[in-house]
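[1] What shape does this take:
(4 chains)
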2 protein chains.
Amino acid sequence: MVDLKNKLSENGLKITPQRLIILEAIYSIDHPTADDIIKYIRKKHSNIATGTVYKVLEKFVEKGLIKKITTDKDVIRFDGIMTPHHHLYSIDSDVIKDYEDEKLDNILKEYFSNRELPGFDIEEITIQIKGRFNN
Amino acid sequence: MVDLKNKLSENGLKITPQRLIILEAIYSIDHPTADDIIKYIRKKHSNIATGTVYKVLEKFVEKGLIKKITTDKDVIRFDGIMTPHHHLYSIDSDVIKDYEDEKLDNILKEYFSNRELPGFDIEEITIQIKGRFNN
DNA sequence: TTCTTAAGTGAGAATTATTCTTATTTAGAC
DNA sequence: GTCTAAATAAGAATAATTCTCACTTAAGAA
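    Numbering: from 1, shown residues only, chains lettered A, B, ... in the order given. Below you'll find the predicted structure:
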């Protein structure tokens, strides 16, 4: 259990009930959309303004507490896991699964350390693996 | 200059002026949004209904003429280049640049040929490289 | 503790991107 | 040229996100 209050103050953010429950939602739901978070909170009997959720999420991204996940749908999803990892995307559905692979990360790191991209400073490399879940 | 009419009929699509000019727009604009395409067409004095553009783009994706590009904005972009390639994303702006790297593709191919992901059939692997353009 | 104030929030309107509906038009097979 | 399924236009509807502005609150200072 992460200390949510610490998480906020560490990053110079005021502690508010709204921020705490939004953080809680992010850690409870897998790659949530803003709307998933709003529903999570309302289910808990607390109300919250949609604008607040969007603004808080934006601030969290800015402060590095969470990341946006890119999808080819027109909804933005968020990810509370900040350790390096990649994503598996289902072609048939909206499911996104985390994919951690240290070995792969090392291969990429090695590859790009010997290969400058002219006119571009690399900050982060993530892999999108599209396919089908076949449980 | 690609033969746009052929491109359509090859894929079993009826040839219409709307589809031709949308294709032309895709090949003329770098990673356009639907709106970019609409503006391109209107600038050419032809009018077109927005719904038509969206529907045609969807059909093109379905038939494999173009791809959707994932961004962390809430707009969808399209890409007419179907040969395998990756993308450089600017952190500060909306600029997206193509990145082709056959050597990298081979490394990935090799790596994933020896590594089954349990419960997942890989269709396509793309890399997103985020950073800053420093021309 | 109380005061102060910048920062945060609520409520709902506004905007933007996308999808849907229905009537009309058209490409292409015959 | 006819016919029909497919495509398009126009604009309404929906969905996601942003904006505005008045009110509230967290947290540092007194």
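
[2] Can you report phi and psi for residue A:81?
    Note on residue A:81: backbone dihedrals following degrees, to the nearest 10 are phi -90, psi 120.

[3] and the longest helix seen in chain A with DNA strand D, contact?
    Within chain A, and with DSSP state H defining each element, the longest helix by residue count is helix A:50-63. Yes: part of helix A:50-63 sits close enough to DNA strand D to count as contact by C-beta under 7 Å from any atom of the strand, namely A:50-51, A:54, A:58. Heads up, the C-betas are built off the backbone N, CA and C, glycines and all.

[4] among these, which are in reach of DNA strand C?
    When the residues of helix A:50-63 next to DNA strand D are checked against DNA strand C using C-beta under 7 Å from any atom of the strand, the ones in range are A:50-51.

[5] Most neighbours out of the residues of helix A:50-63 next to DNA strand D, which is it?
    For the residues of helix A:50-63 next to DNA strand D, the largest number of neighbours (other C-beta atoms under 10 Å in any protein chain shown) sits with residue A:54, at 14 neighbours.

[6] give me phi/psi at the closest residue to that residue other than its chain neighbours?
    Nearest residue to residue A:54, sequence neighbours excluded (C-beta to C-beta, 6 or more residues apart in numbering or on different chains): residue A:34, at 5.7 Å. Residue A:34 has phi and psi values of phi -60, psi -40 when expressed as degrees, to the nearest 10.

[7] Over to residue A:49?
    In this entry, residue A:49 is assigned phi and psi values of phi -80, psi 140 (degrees, to the nearest 10).

[8] what pLDDT does it get?
    Per-residue confidence (pLDDT) for residue A:49: 96.

[9] neighbours around the nearest residue to residue A:89 once chain neighbours are set aside, how many?
    The spatial neighbour of residue A:89 that comes closest, neighbours along the chain excluded (C-beta to C-beta, 6+ apart), is residue A:130 at 4.7 Å. One way to gauge burial is a neighbour count; for residue A:130, by other C-beta under 10 Å, it gives 17.

[10] Shouldn't residue A:130 be within a helix?
    No: using DSSP: H, G, I helix; E, B strand; the rest coil, the secondary structure at residue A:130 is strand, not a helix.

[11] Quickly list what it is bridged to.
    Beta-bridge partners for residue A:130, by DSSP bridges, are residue A:89, residue B:124.

[12] which ones are touching it?
    A:88-91, B:122-126 (C-beta atoms under 8 Å, 6 or more residues apart in numbering or on different chains).
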